[in-house]
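Visitor: what follows is a predicted protein model with its sequence.
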Amino acid sequence: MKVAVDLLLGGSPCQGFSFAGKHLNFNDPRSRLFFDYVKALKILKPKYFLLENVKMKKEYEKVITELLGVEPIEINSALVSAQNRRRLYWTNIQNITQPQDKGILLKDILEKEVDEKYCLKQEYVEKNIVYKNQEIKGLGQCEMIDDKKKASLFIKIAMLGNGGQGQKVYSPEGKSVSLTALGGGPGAKTGLYAIAQRGRHIVDGKRIDILGAKTAQRMETIFSEKSNTITSVQKDSLILDTKNYMIRKLTPIECERLQTLPDNYTAGISNTQRYKMLGNGWTVDVIAHILSFIPEKQLPVVVSLFDGISCGQVALERAGKTYKRYYASEIDKYAIQITKKNYPHTIQLGDITKIDWDDFIKTIDAETKADGSEKLEDVLDRIDWLGATKIIVAKPESKKDDQR
């Protein structure tokens, strides 16, 4: 029997599993949506499947592994981007290796000019900032968080107030912290970073002090190949002089770059929603790397559950894969809006909990027959479409140019 679905993608909501969450695991209504993925997997029997989720307690990981029948692969987005984002990937795609480390740091993806609304006011910073070492006040003894691999280093240099997740200040000389969809504080969802404004200029590898000169970054952190640690030059102890540095959160475009999406991919909705969508999204280049191990170039039918902003379609293109129909299950209206803007051929299925997968298979069979005879639009008019909220008819193997 011919396989109806070539690829099943999914990233079930992770808040109930995340170490940053409350560890509600499978009792969390959001985490229970994982079982809807399992249900779809058992009925659709796709040729390939891929499920993404956060690092979690081993007991939760074991349940997912047993139900999917494969061990997860851990990949840190830091290998392909400037973001420290460790994720687990369960898949039956064979022989996947770790991506090559591209050596991208946060300073490499920062916008040159940003609106002041992303920056904290100098008065607020001076009143609330607390340094890692009160006597040195700065990077003389900055905290280095070593995530086992050099690729995933990020550098915390200070904090504001009580030092909650949205109050910690990091250096652009390392990686960013993981983007999140939720969180509070001035650095909510992105973290805070100390960005150099003026003063030092590098010429032929040498630092020259030029009054008023602009630079992308001035922090003199040193990577030690032998010890895999970070140190800092003592004379830079007053590195966070607020006249020369600003502390700010990341812009939506910078967050898109951290997720290796094209600039302005999420434009068209509020920044609040953009941060949320990007925090929930995938690092595209990690997914593209995994999909590149599929030997077939053509994957005619792709189903993506919890599709979000359709990072899966960007990844398919980056991996050199083509498809005829891409079905997406998503309920967030802003995520659907972004998907529709970038991929208008997407077929939206609506709420995953209301999909009858047996009827869905019948629908795919009807569409396949229609490809060579009756127009697909006419077939869809005659089919009770699983209670879906909206139909967007697919175009044959259209391929959108990569914007980056």
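Guide: Ah, there it is. Note that the structure is a prediction, hence the values are computed from the model and not measured.
Visitor: how about P252, what does it touch?
Guide: Listed by C-beta atoms under 8 Å, 6 or more residues apart in numbering, the contact partners of P252 are T266, A267, N271, R274, Y275, L278. Every C-beta, even on glycine, is put in place using the N, C-alpha and C of the backbone.
Visitor: for L278, same thing?
Guide: Contacts of L278 (C-beta under 8 Å, 6+ apart): L179, P252, C255, E256, L258, Q259, L261, T266, I309.
Visitor: the third one - how many residues pack around it?
Guide: Translated: C255. Around C255 sit 25 other residues, with neighbours defined as other C-beta atoms under 10 Å.
Visitor: in a helix, that's where it is, yeah?
Guide: Yes. The assignment for C255 (DSSP: H, G, I helix; E, B strand; the rest coil) places it in a helix.
Visitor: ok, it touching R274?
Guide: Yes. Contact criterion C-beta atoms under 8 Å: C255 and R274 qualify, at 7.4 Å.
Visitor: residues in contact with R87?
Guide: Counting by C-beta under 8 Å, 6+ apart, R87 makes contact with E52, N53, V54, K55, E74, I75, N76, S77, T283, V286.
Visitor: show me the residues you listed that map onto strands.
Guide: E52, N53, V54, E74, I75, N76 (DSSP state E).
Visitor: now list the buried members of those residues.
Guide: Neighbour counting over the ones in strands among the contacts of R87 (16 or more other C-beta atoms under 10 Å) leaves E52, N53, V54, I75, N76 as the buried ones.
Visitor: of all the residues you listed, which two lie farthest apart?
Guide: Distance extremes for these: the farthest pair is N53 and N76 at 14.3 Å, using C-beta to C-beta.
Visitor: about what we covered before: in the contacts of P252, find the pair that's most separated.
Guide: Among those, the pair separated by the greatest distance (C-beta to C-beta) is A267 and Y275, at 12.9 Å.
Visitor: more neighbours, those two?
Guide: More crowded of A267 and Y275, by other C-beta under 10 Å: Y275, with 24 against 13.
Visitor: pretty sure the more buried one contacts G191?
Guide: No. With contact defined as C-beta under 8 Å, Y275 does not count as touching G191 (11.5 Å).
Visitor: just the helices in the stretch 201-350 of the chain please.
Guide: Taking DSSP state H, counting those that start in this stretch as the test, the helices found in the stretch 201-350 of the chain are 252-258, 271-280, 284-291, 311-318, 333-342.
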